[in-house]
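Chemist: Following is a predicted model, sequence given first.
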Amino acid sequence: MILLPILSDEENDEQFLEKALKGTRDIIILIVVDSDSKQEFGFATSQIQKARSVMEEVTEIIGKKRKRYEDIIEWGDTQNKILNLALLRKVDKVVLKKQENQYFEELVKKLKDEKVDVEVI
């Protein structure tokens with residue numbers, strides 16, 4: 001099982017999803033609505049509709065590949081919610097679409113520090 005956080009409006013890219021979903025049957029798609037959102041990282045409260053439309057596009061692509069998925073929307077700190085859900089659900093790995101910002105790098109480091117397998121595509 002993989003955890004696929006939606007951190008931008010680019011996770012609906014078919015090439016990214018092709019690589020991200022390879023070899024897995026079960027996917028948890030996570031949107032974190034962060035009222036304290038950092039610029040360009042995660043989704044602020046005002047962007048809920050955009051996040052949901054990206055999630056719908058992702059679930060459509062996953063559905064065509066006949067894979068099982070669960071979609072979750074959480075409120076809170078983006079990094080903590082991703083880490084907590086990864087640990088709670090004992091996912092095999094967290095798959096992230098590469099971003100060029102310090103918050104992304106912090107997230108990857110935090111996950112690795114907690115011994116969570118991370119794949120950046």
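Modeler: On my side now, so go ahead.

Chemist: Every contact and neighbour count from this point should use C-alpha atoms.
Modeler: OK.

Chemist: what helices or strands is the least confident helix or strand in the chain by mean pLDDT leaning on?
Modeler: Least confident helix or strand of the chain, by mean pLDDT, DSSP states H and E, is helix 48-64 with a mean of 91. Packed against helix 48-64, as judged by 3 or more CA pairs under 8 Å, 6 or more residues apart in numbering; DSSP states H and E, are the following elements: strand 2-6, strand 26-33, strand 68-75.

Chemist: Quickly compare those and say which is most buried.
Modeler: Per-stretch averages of neighbours, counted by mean count of other CA atoms under 10 Å, single out strand 2-6 among those, with a mean of 25.

Chemist: Can you pull out the residues in contact with that one?
Modeler: 24, 26-32, 42, 51, 54-55, 82, 86, 91-96 (CA atoms under 8 Å, 6 or more residues apart in numbering).

Chemist: One more: stretch 112-121?
Modeler: By CA under 8 Å, 6+ apart, stretch 112-121 touches 16, 19-20, 86-87, 92-98, 108, 111.

Chemist: ok, 6 Å please
Modeler: For stretch 112-121, the surrounding residues in contact (CA atoms under 6 Å, 6 or more residues apart in numbering) are 93-98.

Chemist: Just among those residues, which is most surrounded?
Modeler: Within the contacts of stretch 112-121, neighbour counts (other CA atoms under 10 Å) peak at residue 94, which reaches 24 neighbours.

Chemist: ok so, going back, the least confident helix or strand of the chain versus strand 26-33: what angle between them?
Modeler: Angle of helix 48-64 versus strand 26-33, following axes from the mean of the first three to the mean of the last three CA atoms, to 10 degrees, is 170 degrees.

Chemist: If we ignore the residues flanking it in sequence, what's nearest residue 57?
Modeler: residue 12 (6.0 Å; CA to CA, 6 or more residues apart in numbering).

Chemist: Now stretch 81-93 - C-alpha only, PDB.
Modeler: Extracted C-alpha coordinates of stretch 81-93, given in PDB (Å, rounded to 0.1, in the frame of the first residue of the first chain):
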ATOM      1  CA  LYS A  81      -0.600  14.600   8.800                       C
ATOM      2  CA  ILE A  82       1.500  12.800   6.100                       C
ATOM      3  CA  LEU A  83       3.900  11.400   8.600                       C
ATOM      4  CA  ASN A  84       1.100  10.300  11.100                       C
ATOM      5  CA  LEU A  85      -1.000   8.700   8.400                       C
ATOM      6  CA  ALA A  86       2.000   6.800   7.000                       C
ATOM      7  CA  LEU A  87       2.900   5.500  10.400                       C
ATOM      8  CA  LEU A  88      -0.700   4.800  11.500                       C
ATOM      9  CA  ARG A  89      -1.600   2.900   8.300                       C
ATOM     10  CA  LYS A  90       1.800   1.200   8.000                       C
ATOM     11  CA  VAL A  91       2.200   2.100   4.300                       C
ATOM     12  CA  ASP A  92       4.900   0.500   2.300                       C
ATOM     13  CA  LYS A  93       6.000   3.900   1.000                       C
END
